[in-house]
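Peer 1: output the structure for:
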Amino acid sequence: MTTFVALLRAVNVGGTGKLPMSDLKAMCEDCGFARVQTYIASGNVVFTSRKSEVTVKSELEDCLASYAGKPVAVAIRTAGEMAKVCSDNPFPAAPANWTVAIFLDKPPPADALNGIRGRADEEIGLGRREIYVHYGAGLGRSKLIIPAAKDGTARNMNTIAKLAEMAAEL
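Peer 2: The predicted structure follows:
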């Protein structure tokens, strides 16, 4: 069995994509995933499965599309990958609530830092399949636009650490 972390994009954030976590848990169980646990209401779920990452992603996205009536993107990481996202944070001294990893399906392109707009005091770093951002003045004030991250989903380092801990315990 592999332990996975699924991160849903644009769920229960800013009044869009309402999805009760009890429904998300039930969907995951209907997909045959085991030991399903959700974390906070922003679309985070940890579970185990014998299925591949590709199959897990596809089945969960299909269930979510049926539920929502529109596509809902999901980023998938194994427990080990989630722990690595924590340890690879290029801004470990920065406040964890002002530092995010934007989860992508593929490695960021070589030109991922080109075309960035609205940058003020934010620091940006590239990961394996993530783009890290430390928002110097805070996330709420930022006007930062990273075109390479447009299809990703962000979580702050506090949430990432908790999800890595939950995944490690399964």
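
Peer 1: for the strand or helix carrying R155, list the C-alpha coordinates in CSV.
Peer 2: For R155, the host element (DSSP states H and E) is strand 153-156. Presented in CSV, the C-alpha positions along strand 153-156 are these (Å, rounded to 0.1, in the frame of the first residue of the first chain):
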residue,chain,number,x,y,z
THR,A,153,-2.6,24.6,-6.1
ALA,A,154,-0.9,26.2,-3.2
ARG,A,155,-0.6,25.2,0.5
ASN,A,156,1.3,27.0,3.2
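
Peer 1: report all helices and strands that that strand contacts.
Peer 2: Where contact means 3 or more Cβ pairs under 8 Å, 6 or more residues apart in numbering; DSSP states H and E, strand 153-156 is packed against strand 2-8, strand 99-103. Using the backbone N, CA and C atoms, a C-beta is placed for each residue, glycine as well.

Peer 1: flag every buried residue along the helix or strand just after the first one.
Peer 2: Taking DSSP H and E as the definition, the helix or strand that follows strand 2-8 towards the C-terminus is helix 21-30. Residues 21, 24-25, 27-28 are the ones in helix 21-30 that count as buried (16 or more other Cβ atoms under 10 Å).

Peer 1: for stretch 109-122, same thing?
Peer 2: Within stretch 109-122, the residues scored as buried using 16+ other Cβ under 10 Å are 112-113, 122.

Peer 1: what's that stretch in contact with?
Peer 2: Outside of stretch 109-122, the residues within contact range by Cβ atoms under 8 Å, 6 or more residues apart in numbering are 124, 126, 131, 133-137, 142-149.

Peer 1: how about 6 Å then?
Peer 2: Stretch 109-122 is contacted by residues 126, 133, 135-137, 143-148 when judged by Cβ atoms under 6 Å, 6 or more residues apart in numbering.

Peer 1: Three-state assignment for the residue of the chain most remote from its centre, please.
Peer 2: Here the chain reaches farthest from its C-alpha mean at A120, the gap being 24.0 Å by Cα atoms, centre = their mean. A120 carries the three-state label coil when classified by DSSP: H, G, I helix; E, B strand; the rest coil.

Peer 1: need phi/psi at it.
Peer 2: As for A120, its main-chain torsions (degrees, to the nearest 10) stand at phi -120, psi -100.

Peer 1: that one and P20, how far apart?
Peer 2: According to Cβ to Cβ, to the nearest Å, A120 stands 36 Å off from P20.

Peer 1: equivalent analysis for M1, please.
Peer 2: Counting by Cβ to Cβ, the gap from M1 to P20 is 26 Å.
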